[in-house]
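> Turn this into a model:
(chains A and B)
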2 protein chains.
Amino acid sequence: MASSSNNTLSSFNFDMPFANLKPVLEKLQAIDVANSSSQPLIPEELLTISKDNPLLTFQFEEYLVMKAKQVNKSLDEALPLQHPVKIHEAMRYSLLAGGKRVRPILCIASCELVGGDESLAMPMACAVEMIHTASLIHDDLPCMDNDDLRRGMPTNHKAFGEETAVLAGDALLCLAFEHIAFRTRNVSPDRVVRAIAELSSAIGSQGLVAGQIMDLESEGKEVSLSELEYIHVHKTAKLLEACLVCGAIMGGGNDADIERVRKYARCIGLLFQVVDDILDVTKSSKELGKTAGKDLVSNKATYPKLMGIEKAKKFASDLMIQAVQELAYFDAARATPLYHLAYYIANREN
Amino acid sequence: MASSSNNTLSSFNFDMPFANLKPVLEKLQAIDVANSSSQPLIPEELLTISKDNPLLTFQFEEYLVMKAKQVNKSLDEALPLQHPVKIHEAMRYSLLAGGKRVRPILCIASCELVGGDESLAMPMACAVEMIHTASLIHDDLPCMDNDDLRRGMPTNHKAFGEETAVLAGDALLCLAFEHIAFRTRNVSPDRVVRAIAELSSAIGSQGLVAGQIMDLESEGKEVSLSELEYIHVHKTAKLLEACLVCGAIMGGGNDADIERVRKYARCIGLLFQVVDDILDVTKSSKELGKTAGKDLVSNKATYPKLMGIEKAKKFASDLMIQAVQELAYFDAARATPLYHLAYYIANREN
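Coordinates of the predicted model:
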């Protein structure tokens, strides 16, 4: 194998279609395993570019479509249109507005990674999407980011009024915990409590809300790289971490499994935000389904702004490599969706 | 004993000081036990007006002060002032602003009613106060009730800005579940999950939020008595019910205990709102610590408006009698605080 070098990783092609992992495997092969640390890398069989390599044969797009469909069905069932109609309409409007369902799929994939059946994590998967939706609804409010467009549609307060949007967000937050507590089946109650602890701490004043408040405070100010990372870790990465960790908890993972999943999650979480920032400067509003370039306009700190677009892409590529290295501890076939997910998050186009 | 009559109950003196239960006992004695339904009434020994009657000797004011002090201490510890400072300041501002701590005390009293130690229910007791505070912060927002004053102080958004108030409410909601999941000790995890299910369903789109949205929609419209009850049951009574039921769950109560507590709670919950409405028309802003008469000004439905002040007082008195009858199933000494709490809620002055 060739020796590892930063140049090798930095030439990673950010724009290639996500279903094609071949160039990534070539990059990973280029890492000097013998001279690297004791941490295992991708299993040898996955580094072989052959027709039997599960990384290459796995139909990732089909997997995403299938999982998203199951998540959408479960979300629809979790929130029937009932009395009082207006609040449920508002909640359903945002919760069922589409979206890629990345968070629930991470949760389910992590459950399956440790050997659990999808059904064990489905209530938790729905819950993380409810929480994500709640945070978007409140984030879009006039007193917050004041956004008119979300996923190509009017934001919740534009469609239903501000007071209903505040309540719809509150109700989705509550529903998340209600859904986990009422609907989780065949998981021991101590695991359910542990998952609730993990999830709730990821979204409160030491998690998502901490990121939101620091983000609001940073507007129009000079922001250092460490402040930027604080915002992103809290605003985005902590919830993604909770998705994956809670999936592993619900799926029956042991403590070592759960901590490896956490490390993978931390890379993926930061990756997600870096890519978001890159997309914001490289794509149009129509392609993104939301107001593009807004972060730059409002003088918000972003990775491309702080390190330049090329270095931001390099950072994304490095995070992806780090993430997939954690998966080497698990059964390769079960880990395949998460290899692809890391690659997909790095290469998503909206 | 004299025969039961509605006249006897309707002459209940609403304005007497809450520490004196003697007239209530006389009213209860006046109910014809022999000719009443199979439901037990207050135990005979509590109906005896003597120096040994725990209902009369119990120092209820001291009990409230002591319990509120312990709750305040636990709330203070549950939410230290930490980074990011602004959001924690805003959360602490509203959470530690005083208030009577009725909800946490109900939770603890119910835990003790079924034989549990206070410590089993303290994290849950703190959680219900966090949720109550969150709902007040969001309720006061300009897009909701647009209130400037709460507990005699500027409302959260007046003190910290609207965006921080939205996030402080969200973070308190999350902290409630985090606190239960992380801090509950010596309670089996299945009880913790059951309590989380109970609490979350009481505050979402079928609970507290349902009451808030119907309340907002009813403003300026004609509201029937059944619509008014829907609003109050959901906006106020369901959370009070959850406080009591969750206390009994954490305290180790069996299913029969829990359902009796639920019946008591339903009466108390409605009672709480009826009294709130009465106070709103009979007290000044200074006495209440909030803007008085606001419900009438904004043409909101209230019990005094719909049934007149005297009939509303009679309704409150009937609800209190119904509530205390449920306590007869429990050990009289352990039930004493809840007898007094019912009486206190009926007779509170702010």
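> Contact partners for the closest residue to chain B within the stretch 1-150 of chain A?
Across the stretch 1-150 of chain A, no residue is closer to chain B than A:Cys143, which sits at 3.8 Å (C-beta to the nearest C-beta). Any C-beta I mention is one placed from the backbone N, CA and C, and that applies to glycine too. Listed by C-beta atoms under 8 Å, 6 or more residues apart in numbering or on different chains, the contact partners of A:Cys143 are B:Gly161, B:Glu162, B:Glu163, B:Val166.
> What number of neighbouring residues does A:Glu241 come out with?
Counted by other C-beta atoms under 10 Å in any protein chain shown, the residues lying close to A:Glu241 total 25.
> So it sits against A:Gly269, correct?
Yes. Between A:Glu241 and A:Gly269 there is a contact under C-beta atoms under 8 Å: 5.4 Å.
> How far off centre is the helix or strand hosting A:Val192?
Taking DSSP states H and E as the criterion, A:Val192 maps to helix A:189-203. With C-alpha atoms, centre = their mean, to the nearest Å as the basis, helix A:189-203 stands 18 Å off its chain's centre.
> near chain B, anything from the helix or strand just after it?
From helix A:189-203 onward toward the C-terminus, using DSSP H and E, the following helix or strand is helix A:208-218. Yes. Contact between helix A:208-218 and chain B, assessed by C-beta under 8 Å from any C-beta of the partner chain, occurs at A:Val209, A:Ala210, A:Gln212, A:Ile213, A:Met214, A:Leu216, A:Glu217.
> Which elements pack onto helix A:208-218?
helix A:118-140, helix A:225-232, helix A:238-250, helix B:85-95, helix B:162-183 (3 or more C-beta pairs under 8 Å, 6 or more residues apart in numbering or on different chains; DSSP states H and E).
> ok, and what's touching the shortest one?
Think helix A:225-232. Outside helix A:225-232, the residues that reach it (C-beta under 8 Å, 6+ apart) are A:211, A:214-215, A:218, A:223, A:270, A:273-274, A:301-303, A:306-307.
> Assign the residue of the stretch 1-150 of chain A closest to chain B to helix, strand or coil.
coil (DSSP: H, G, I helix; E, B strand; the rest coil).
> Same question for the one 4 residues further on.
Using three-state DSSP, the structure places A:Asp147 in coil.
> Just to check, it is in contact with A:Asn156?
No. A:Asp147 is beyond contact range of A:Asn156, at 10.0 Å (criterion: C-beta under 8 Å).
> Can you check which residues contact both of these two?
Common neighbours of A:Asp147 and A:Asn156 (C-beta under 8 Å, 6+ apart) are A:Asp140.
> Which one's more surrounded, these two?
A:Asn156 (28 against 19).
> so how far is A:Ile131 from the more buried one?
Distance of A:Asn156 to A:Ile131, computed by C-beta to C-beta, to the nearest Å: 15 Å.
> what does A:Glu178 give?
12 Å.
> Strands along the stretch 201-350 of chain A, start to end?
For the stretch 201-350 of chain A, strands defined by DSSP state E, counting those that start in this stretch do not occur.
> can you give me the helices in it?
Using DSSP state H, counting those that start in this stretch, the helices assigned to the stretch 201-350 of chain A run over residues A:208-218, A:225-232, A:238-250, A:255-282, A:285-288, A:294-297, A:303-307, A:309-326, A:332-347.
> from the middle of its chain, how far away would the second one be?
Read that as helix A:225-232. 17 Å.
> Next, the buried residues of it.
Judged by neighbour count (16 or more other C-beta atoms under 10 Å in any protein chain shown), helix A:225-232 contains these buried residues: A:Glu227, A:Leu228, A:Glu229, A:Tyr230, A:Ile231, A:His232.
> How many neighbouring residues does A:Asp331 have?
By the criterion of other C-beta under 10 Å, A:Asp331 has 12 neighbours.
> Could you check the pLDDT of it?
pLDDT recorded at A:Asp331 is 91.
> ditto for A:Val261
pLDDT, read off for A:Val261, is 97.
> How about the contacts made by A:Trp273?
If you look again at residue A:273, you'll see it is Gln, not Trp. Shown in contact with A:Gln273 (C-beta under 8 Å, 6+ apart): A:His232, A:Lys235, A:Thr236, A:Ala237, A:Tyr303.
> let's see it at 7 Å
A:His232, A:Thr236, A:Ala237 (C-beta atoms under 7 Å, 6 or more residues apart in numbering or on different chains).
> Relative to A:Ala332, how far out is it?
As judged by C-beta to C-beta, A:Gln273 and A:Ala332 stand 28 Å apart.
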